[in-house]
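Enquirer: my questions are about this predicted structure, shown below with the sequence.
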Amino acid sequence: MIRACLLLCALASATACATAAPFQMPEGPWTPDPSAHGLFEEASAPCRGVRTLTAEIGVRGQAGPSKIRGRVIAGFERGGALRLEAPAPFGAPIFILAARANRAVLWLPRDRRVLRDAPVEDVLEAIAGLRRSSDDLLALVSGCLMSAITPEGAGQRSSRGQLMVDLPDATRAFLTRDGQAWRISAGRQDATGTHGSWSVSYADFSLNFPGSIRVWEHVGPTGQPGSSAALTLQVSQLETNVPIDSRAFELIVPPDAAPLTIDELRQFGPLADRAASQGSGR
C-alpha cells in the first residue's frame, strides 16, 4: 500500500480528481490598448528574472469529495531542476521529488518505493493531476503563470481598467493595477486538441511576488473526461536568486528500494486519497 499518496496529493499545485469548477476570470467588454504589452513586460519583470527560488508552500484544496491539506518545502533552479519535500511530524519525510533537466526521481522513504528517470510532467500529473514541467511550476509559484510568456497579438483593456494580453498556447494573462504598479493578477489557458485547460489567480503580493495562489486545472483531451484539481497555495519564506547546492537536486536511494511505475501512481494515488478522506469522516 502506498501510504504516502494522501500527502503526495498535497503537492505544490494540484490534486487529482477534483470536481470544483474554475473560478471566474475578468470579463469585458475589451478594447485594443497599445500600452498593454509594455505594461505586461514591466509587471512580469520580477518573475521573469527568477533563476532560483526556495519557499515553503502550504496547500489546501478540494479533490472530488476529499479535502486536502499539506506543507511542501520547495526548491527550483531554472533549466529543469526541482526539489519538493513533504516533511512529516516525526521521522522520514513523506516523499521527496528531485529532478534535473526535467527528469525526476520520486522517493517514498516510508514505503521504500522509488520511481526513477521520468519526465516531471508525467510524475506531477500522475500524483497530483498537474501536467507541468519544472520550469512551468517555478513560473507558477513566482507569479508568471508559465515559463513561455512572450506576448502575442494586440493587448486589450476592459471597461473596468484591467488589461488582457495573449500568450502562447491559447493562454491569456490579466493585469490589475496595485497602487502605482501593475500585477499579473490572473491567467487562463483554454483547452486545445490534446491539451487540457487551467486558470490561476494571484493575491497578497509582497516584494513583487504573490503570497496566495489559486489554481484550477483539467488534464485531458478537449471534450473528453480527465482529471481535475482545485487548490490554494500559501507561499512563505520565499527567496529568489540565491545559490542552491546542486546536491539538492539529487537523490541517493537505497539499492533495495522497490521500483514504482507511473501507472501505479495513477492507480493507487487517487484511490488511497479517497479512502483516507472517507475514513476520517471529514
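Expert: Great, that's in hand.
Enquirer: C-alpha only now, for contacts and for neighbours.
Expert: Will do.
Enquirer: tell me the buried residues in stretch 87-101?
Expert: Of the residues in stretch 87-101, 87, 93-101 count as buried by neighbour count, 16 or more other C-alpha atoms under 10 Å.
Enquirer: contacts for it?
Expert: Contact partners of stretch 87-101, identified using C-alpha atoms under 8 Å, 6 or more residues apart in numbering, comprise 4, 7-8, 71-73, 79-86, 104-110, 120, 134, 248-251.
Enquirer: which of the buried residues of stretch 87-101 fall in strands?
Expert: Members of these lying in strands (criterion: DSSP state E): 95-100.
Enquirer: got JSON lines for the residues you listed, with pLDDT and distance to Gly196 too?
Expert: Shown next, in JSON lines, are these (pLDDT from 0 to 100; distance: C-alpha to C-alpha, whole Å):
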{"residue": "Phe95", "pLDDT": "84", "distance to Gly196": "27"}
{"residue": "Ile96", "pLDDT": "91", "distance to Gly196": "27"}
{"residue": "Leu97", "pLDDT": "92", "distance to Gly196": "24"}
{"residue": "Ala98", "pLDDT": "97", "distance to Gly196": "25"}
{"residue": "Ala99", "pLDDT": "97", "distance to Gly196": "24"}
{"residue": "Arg100", "pLDDT": "97", "distance to Gly196": "25"}
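Enquirer: filter the contacts of stretch 87-101 to the buried ones?
Expert: Buried among the contacts of stretch 87-101 by 16+ other C-alpha under 10 Å: 4, 7-8, 71-73, 80-86, 104-109, 120, 134, 249-251.
Enquirer: okay, now the residue lying closest to Val242 once chain neighbours are set aside: neighbour count?
Expert: Excluding its sequence neighbours, the residue lying closest to Val242 (C-alpha to C-alpha, 6 or more residues apart in numbering) is Thr52, at 6.4 Å. By other C-alpha atoms under 10 Å, the residues close to Thr52 number 19.
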